[in-house]
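Q: okay, here's the prediction I keep looking at, along with the sequence it came from:
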Amino acid sequence: MAIAEKYNLKVIEDCAQSYLSIYKGRPAGTIGDVGCFSLNDFKHISAGDGGMCITKDPEIARQLAYYADKHYHRDGSGRDPEWLAANYRMSELVGAVAIAQLKKVRGICERRNKLGDMLTGLISDLPGIQPHRITPGGKSSYWFYMLRVNEQELGAARSEFVKAVRAEGIPCSEGYIARPVYCYDVLTKGQVFKNTRFPLDVPDVPPYGPGMCPTAEEVLATACRLSINEFYTDQDIKEMAAAIRKVAVYYASRSK
Ligand SMILES: Cc1ncc(COP(=O)(O)O)c(C=O)c1O
C-alpha cells in the first residue's frame, strides 16, 4: 500500500478464497482499494459461479457497477458510456443463492479456522515439518491446509513424504499450482491475446520469468497440500496428525 501511495496506484486484492481471514489485524479484502472474492463451485461458499467485489470508495463502486452491465446506467441516468465496460452480470437467481450463502460464511470459516489451528497444534513439534504458517495478528479460514517440508531435516524427499502420508489414507499432494502465474506462457511469451503482444508491448517492462518472486517459488517447491473443510470432525484432524507424525518420526529415526 505504501508503494501504491507513492506511485498513485490502486491496489486490487485477489482474495478469492480468503473469506474472513485476517492479515496483520485486518480482514482480507479491506486492505487494498478493492477486494475480490470468488463464488465459484469450490470455494468456502458458492453461488455455482461468479464473485463479489468490495470497496470503501463510492466512486470505485460506481465504476465497478458498470462492469456488471456493459456500462449501462441502471440508476436511471442514461446510457452514455464514459468508456467500454464488459458485461460481468450475475443473474438474479445466482445473486439470491450468493446472499443465502453469505449468511453461512462466518460459521464455515470459524469451523475451518478451529480445525486448521488444531492440526497445527498437533504437528508443530515434528522434525522437518513446518505447519501452515499464520503471520502474527493473522487468522486463516483454511481453504486447504498447507504445510512445508524441509527435506534435509525430514530425511526424505517431499515426494516420498507425500506418498507415505497418502499410504496412511490421508489425501495429500505436492505443491499447489505447477508454476507461479508470472511463469505461464501467456506472460513469458507475451501472448495475452493471440497474435499480438498487447498489452505487454510497452517499453521498459522487464521480462516475466523465474526468479521474480523467490519466496513464492520456494513455497511451491516445498509445500504439501492437505484438504480440510467444515464437515471434518475433530477425530478426522487427529487422524491426519497421527499419519503425519508417524511418517515424520519414521524418517527421523531412519536418518539417525
Ligand atoms: C487466488 C485465486 N484467484 C482467483 C481465482 C478465480 O476465481 P473465479 O473462478 O471465481 O474466477 C481462484 C480460483 O481458484 C483463485 O484461487
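A: Received it, and whenever you're ready, just let me know what you need. The model shown is predicted, which means the values in this text are computed figures rather than measured ones. Numbering: from 1, shown residues only.
Q: can you report phi and psi for the residue in the stretch 101-250 of the chain that the ligand sits nearest to?
A: Residue nearest to the ligand within the stretch 101-250 of the chain (CB to the nearest ligand atom): Trp143, separated by 7.9 Å. (C-beta placed from N, C-alpha, C; glycine too.) Backbone geometry at Trp143, expressed as degrees, to the nearest 10, gives phi -60, psi -40.
Q: local confidence estimate at it?
A: At Trp143, the pLDDT value in this model is 97.
Q: same check on Lys256?
A: Reported pLDDT for Lys256: 69.
Q: the residue of the stretch 101-250 of the chain closest to the ligand and Asn87: what is the separation?
A: Using CB to CB, to the nearest Å, Trp143 is found at 28 Å from Asn87.
Q: same question, Ile228
A: 36 Å.
Q: so these two - more neighbours on which side?
A: Between Ile228 and Asn87, counting by other CB atoms under 10 Å, Ile228 is the more crowded of the two (22 against 11).
Q: ok, now which ones touch the more buried one?
A: Residues in contact with Ile228 (CB atoms under 8 Å, 6 or more residues apart in numbering) are Arg112, Leu115, Gly116, Leu119, Tyr142, Phe144, Tyr145, Ile237.
Q: and it, its phi and psi?
A: Dihedral angles (degrees, to the nearest 10) for Ile228: phi -150, psi 140.
Q: could you do Ile54 as well?
A: phi -120, psi 150.
Q: now it, nearest residue through space, not along the chain?
A: In space, and not counting its chain neighbours, Ile54 is closest to Gly35: 4.7 Å by CB to CB, 6 or more residues apart in numbering.
Q: just confirm the one you found is within a helix.
A: No. Using DSSP: H, G, I helix; E, B strand; the rest coil, the assignment for Gly35 is strand, not a helix.
Q: all helices for the stretch 151-256 of the chain, in order.
A: Under the criterion DSSP state H, counting those that start in this stretch, the stretch 151-256 of the chain carries helices at the ranges 151-154, 158-167, 185-188, 214-222, 234-254.
Q: my read is Arg148 is in a helix, agree?
A: No. Assessed with three-state DSSP, Arg148 is strand; it does not lie in a helix.
Q: which stretches of the stretch 151-256 of the chain aren't confidently modelled?
A: Of all residues in the stretch 151-256 of the chain, those with pLDDT under 70 make up the ranges 256.
Q: among the contacts of Ile228, name the buried ones.
A: Buried by 16 or more other CB atoms under 10 Å: Arg112, Leu115, Gly116, Leu119, Tyr142, Tyr145, Ile237, out of these.
Q: make a markdown table from these and add secondary structure and distance to Leu64 to it.
A: Compiled in a markdown table, the buried ones among the contacts of Ile228 are given as follows (DSSP: H, G, I helix; E, B strand; the rest coil; distance: CB to CB, whole Å):
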| residue | secondary structure | distance to Leu64 |
| --- | --- | --- |
| Arg112 | helix | 28 |
| Leu115 | helix | 34 |
| Gly116 | helix | 32 |
| Leu119 | helix | 37 |
| Tyr142 | coil | 29 |
| Tyr145 | strand | 33 |
| Ile237 | helix | 39 |
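Q: can you tell me which of these lies nearest to Glu5?
A: Using CB to CB, Tyr142 comes nearest to Glu5 of the buried ones among the contacts of Ile228, at 31.5 Å.
Q: residue contacts, that closest one?
A: Listed by CB under 8 Å, 6+ apart, the contact partners of Tyr142 are Arg112, Asn113, Leu115, Gly116, His132, Ile228.
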